[in-house]
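>>> please find the sequence and the predicted model below.
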Amino acid sequence: DAGITQSPRHKVTETGTPVTLRCHQTENHRYMYWYRQDPGHGLRLIHYSYGVKDTDKGEVSDGYSVSRSKTEDFLLTLESATSSQTSVYFCAVQIGTGDYEQYFGPGTRLTVT
Amino acid sequence: AQKVTQAQTEISVVEKEDVTLDCVYETRDTTYYLFWYKQPPSGELVFLIRRNSFDEQNEISGRYSWNFQKSTSSFNFTITASQVVDSAVYFCALSGPKNYGGSQGNLIFGKGTKLSVKP
């Protein structure tokens, strides 16, 4: 257990509204990640962070922004939600600073109507 | 570019059968890392194994075993004597060496193989 929580766990929102998902960890891990999971696509990286205020884009970053003002929190924001952003969103942390595996949070199911 | 291919979209077996999940990868890195994750019907992602490119020794953990072959760029996963609780989607993933602050080291996932084990 890497001490990761995600909130909310489920959310339904309307097209055009802003949405923020929160990932919280309790173990001071440096690296944090946001993925989305869609049928037929596996998991795809949206954004990641390698330290407070240090973030970078992943494979599918368009329409998303992130912030990390504290080690323990990594926020994912959909500036103006679209139906194509309906997905399950997973946060992950990497244990340690070398080349190690990632551990995932429980996921957030987001539906954009 | 890095790529992971899991050609088997779905596999169905009867309990106690052995089953192998295939994973083929592409990378230009000389050092890289391979992973397997399990996603049961409850939805969480569970880490199973990490393998370094410079260690081709196969690994066994209970009913699970992994066969890493650099010559064929494959990292296959075998479940021996499958059980209903093994029913899940299994993901293979690849990363290069981490360059602190850079994009190297991020996981590239295959699309997953859904395994159904019937009693």
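Yes, it's here.
>>> mind saving the C-alpha coords of stretch A:82-101 as CSV?
Only the C-alpha atoms of stretch A:82-101 are listed here, as CSV (Å, rounded to 0.1, in the frame of the first residue of the first chain):
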residue,chain,number,x,y,z
THR,A,82,-15.7,17.4,-22.9
SER,A,83,-17.4,14.1,-23.5
SER,A,84,-14.1,12.7,-24.8
GLN,A,85,-12.7,13.1,-21.4
THR,A,86,-15.1,10.6,-19.9
SER,A,87,-12.8,8.0,-18.5
VAL,A,88,-11.3,6.4,-15.5
TYR,A,89,-8.4,8.4,-14.1
PHE,A,90,-5.6,6.8,-12.1
CYS,A,91,-3.0,8.5,-10.0
ALA,A,92,0.3,6.7,-9.4
VAL,A,93,3.4,7.3,-7.4
GLN,A,94,6.8,5.8,-7.8
ILE,A,95,8.5,4.4,-4.8
GLY,A,96,12.1,5.8,-4.6
THR,A,97,14.0,7.9,-7.1
GLY,A,98,15.6,5.3,-9.2
ASP,A,99,14.0,3.1,-11.8
TYR,A,100,11.2,1.5,-9.9
GLU,A,101,7.7,0.4,-10.3
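>>> for chain B, which segments count as strands?
Here chain B has its strands, by DSSP state E, at B:3-5, B:10-14, B:19-21, B:24-26, B:33-39, B:46-52, B:59-61, B:64-69, B:74-79, B:88-95, B:108-109, B:113-118.
>>> give me whichever of those is most buried.
By mean neighbour count, with neighbours taken as mean count of other CB atoms under 10 Å in any protein chain shown, strand B:88-95 ranks first of the strands of chain B at a mean of 24. In short, each C-beta sits where N, CA and C put it, glycine included.
>>> now the closest residue to A:Glu27 other than its chain neighbours: how far from chain B?
Distances taken as CB to CB, 6 or more residues apart in numbering or on different chains place A:Gly3 nearest to A:Glu27, at 4.7 Å, with adjacent residues excluded. Distance, A:Gly3 to chain B, by CB to the nearest CB, to the nearest Å: 14 Å.
>>> ok so, going back, ranking the strands of chain B by mean pLDDT, which is last?
Confidence, taken as mean pLDDT, is least for strand B:59-61 of the strands of chain B (a mean of 89).
>>> is that strand positioned near chain A?
No - Strand B:59-61 lies apart from chain A when judged by CB under 8 Å from any CB of the partner chain; the minimum separation is 14.0 Å.
>>> that strand: how far from the chain's middle?
Relative to the centre of its chain, strand B:59-61 is centred 13 Å away, using CA atoms, centre = their mean, to the nearest Å.
>>> one step back: hmm, the residue nearest to A:Glu27 is touching A:Thr26, no?
Yes - counting by CB atoms under 8 Å, A:Gly3 touches A:Thr26, with 3.8 Å between them.
>>> more neighbours: which of the two?
Just comparing A:Gly3 and A:Thr26: by other CB atoms under 10 Å in any protein chain shown the higher neighbour count belongs to A:Gly3, 14 against 11.
>>> which is the succeeding secondary structure element to the lengthiest strand in chain A?
If you go by DSSP E, chain A has its longest strand at strand A:42-51. Tracing the chain past strand A:42-51, the next element assigned as helix or strand by DSSP states H and E is strand A:54-57.
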